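S.K.: My questions are about this predicted structure, shown below with the sequence.
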Amino acid sequence: MTEPAVDRAVAILEAEEGFSAHAYYDSEGWLTIGIGCLIDTRKGGGITIDEARHLLRNRLAPIYVALDERLPWWREMTPDRRAVLVSLACQVGISGLLRFRRTLAAMEAGDYAGASKGLMASLWARQTPARAGRAEAAMRTGAWTAE
């Protein structure tokens, strides 16, 4: 919605509620975030899947920028292989991703079998084995499967 009344309501609510980048308890003790957004499930709060996807897309935008700056070759991979990098960067951060030096070098060289082995040899794979297994398969084959 972009009608003027909605824009005015947003401005008023922002002035009245204030903004918090983290969860907090409002004056009535309900868990809230942002600009008075009730997330406390005891009171029927929460977010929709569309809101969660919107937040995630906003969080991914700087990851894409960082990947373009730090790993310019990454765009040459299949979309699912690129998604593995984005997912990993989302989970461990760009600095954490860049610590996968040999794995990234294998990806850059098109050695996806080697890159897959590198992913599975990591602490990350030991910490999140099911997720790592799916990422490894996507890196090796070039296609993501949910199994």
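M.R.: Great, that's in hand.

S.K.: Any regions of this protein where pLDDT drops low?
M.R.: Along the chain, the model assigns pLDDT under 70 to residues 1-2, 147.

S.K.: where along it do the strands fall?
M.R.: Taking DSSP state E as the criterion, the chain contains strands spanning 20-25, 31-34, 37-38.

S.K.: Indicate which one of those is closest to Arg70.
M.R.: strand 20-25 (25.8 Å; CB to CB). C-beta coordinates here come from the backbone N, C-alpha and C atoms, glycine included.

S.K.: name the helices or strands packed onto the closest one?
M.R.: Using 3 or more CB pairs under 8 Å, 6 or more residues apart in numbering; DSSP states H and E as the contact criterion, the neighbours of strand 20-25 among helices and strands are strand 31-34.

S.K.: Please work out which residues outside the strand it packs on touch it.
M.R.: Applying CB atoms under 8 Å, 6 or more residues apart in numbering, the contact partners of strand 31-34 are Phe19, Ser20, Ala21, His22, Ala23, Tyr24, Tyr25, Asp26, Leu38, Ile39, Asp40, Gly45.

S.K.: which ones are touching the spatially closest residue to the last one that is not a sequence neighbour?
M.R.: In this case it means Gly45. Closest residue to Gly45 apart from its sequence neighbours, by CB to CB, 6 or more residues apart in numbering: Leu38 at 3.6 Å. Residues in contact with Leu38, defined by CB under 8 Å, 6+ apart, are Asp26, Trp30, Leu31, Thr32, Gly44, Gly45.

S.K.: Including distance to Leu123, could the residues you listed go into a markdown table?
M.R.: A markdown table is the format used below for these (distance: CB to CB, whole Å):
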| residue | distance to Leu123 |
| --- | --- |
| Asp26 | 39 |
| Trp30 | 38 |
| Leu31 | 33 |
| Thr32 | 36 |
| Gly44 | 40 |
| Gly45 | 36 |
